[in-house]
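[1] Whatever this is, show me its structure:
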Amino acid sequence: MTLERKVARLFRLTDENWMKHANPWSVWTRYSVLPLIVLAFWSRVWIGWWCLIPGLASLLWLFFNPVFFPKPKSTRNWASRSVLGERVYLNRDQIDIPEIHKTPLYAILNMVSSIGMLIAIWAIVYTSAWGAILGTALAYLGKSWYLDRMVWLYDMMKSHEAYRQWDY
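    Predicted structure coming up:
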């Protein structure tokens, strides 16, 4: 079982929920989460323990966002294809992917994103503006590049019998 499949289970991504997550509103509003989390927990300086309310609300949004929106009317957009590409990638142990996508680049991009998250957490603890900006930028750079590669993977694999149903 791939690590990505384990993460998908954590977020309750069933077949139906994957399609909900493929809604562009889900993808684009999920991009709002990291700055909201940073700001919420950073606000402890101004509002003390009350920062837990927006902080927990942001974390809940992170968890429930993938299933909040309806199935998209079309999957022929970058955001939907990026999510469907992630799904293709997590199935790589069951349905082989093209050789060009069997690369350490995806792990590197996820590491860049993770390093960005760690820097953002450090910035929250030490209330560092430059750290918050750098961490958020690195997290988004890594994740956005990764998602762009997932679009490419999906475009290569969408004609596969198992994935044709997603292309509408």
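
[2] Please count neighbours and contacts with C-alpha atoms only from this point.
    Fine.

[3] Which residues does stretch 77-84 contact?
    18, 21-24, 27-28, 72, 75, 147-151, 154-155, 166 (Cα atoms under 8 Å, 6 or more residues apart in numbering).

[4] Find the residue at the geometric middle of the chain.
    With distances taken as Cα atoms, centre = their mean, residue 143 lies nearest the centre of the chain, 6.7 Å away.

[5] what's the spacing between it and residue 17?
    Per Cα to Cα, to the nearest Å, residue 143 is found 21 Å from residue 17.

[6] ditto for residue 108
    Per Cα to Cα, residue 108 is found 27 Å from residue 17.

[7] Between these two, which is the more surrounded one?
    Neighbour count, other Cα atoms under 10 Å: between residue 108 and residue 17, residue 17 has more, with 18 against 13.

[8] Please, which helix or strand holds the more buried one?
    helix 15-21 (DSSP states H and E).

[9] mind exporting that helix as CSV, just the C-alpha atoms?
    Output of helix 15-21 as CSV, limited to C-alpha atoms (Å, rounded to 0.1, in the frame of the first residue of the first chain):
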residue,chain,number,x,y,z
ASP,A,15,-14.3,7.0,-4.7
GLU,A,16,-17.2,9.5,-4.2
ASN,A,17,-15.1,11.7,-2.0
TRP,A,18,-12.2,11.8,-4.5
MET,A,19,-14.6,13.2,-7.0
LYS,A,20,-15.8,15.8,-4.6
HIS,A,21,-12.2,16.7,-3.9
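
[10] Give me the helices and strands touching it, please.
    helix 52-68, helix 78-90 (3 or more Cα pairs under 8 Å, 6 or more residues apart in numbering; DSSP states H and E).

[11] quick one: the worst-scoring helix or strand of the chain on mean pLDDT to chain centroid distance?
    Ranked by mean pLDDT, DSSP states H and E, the weakest helix or strand in the chain is helix 3-10, scoring a mean of 76. Its chain's average C-alpha position is 12 Å from that of helix 3-10, according to Cα atoms, centre = their mean, to the nearest Å.

[12] same for it, what does it pack against?
    Using 3+ Cα pairs under 8 Å, 6+ apart: helix 3-10 touches helix 78-90.

[13] Recalculate using a threshold of 6 Å.
    For helix 3-10, not one helix or strand is in contact under the criterion 3 or more Cα pairs under 6 Å, 6 or more residues apart in numbering; DSSP states H and E.
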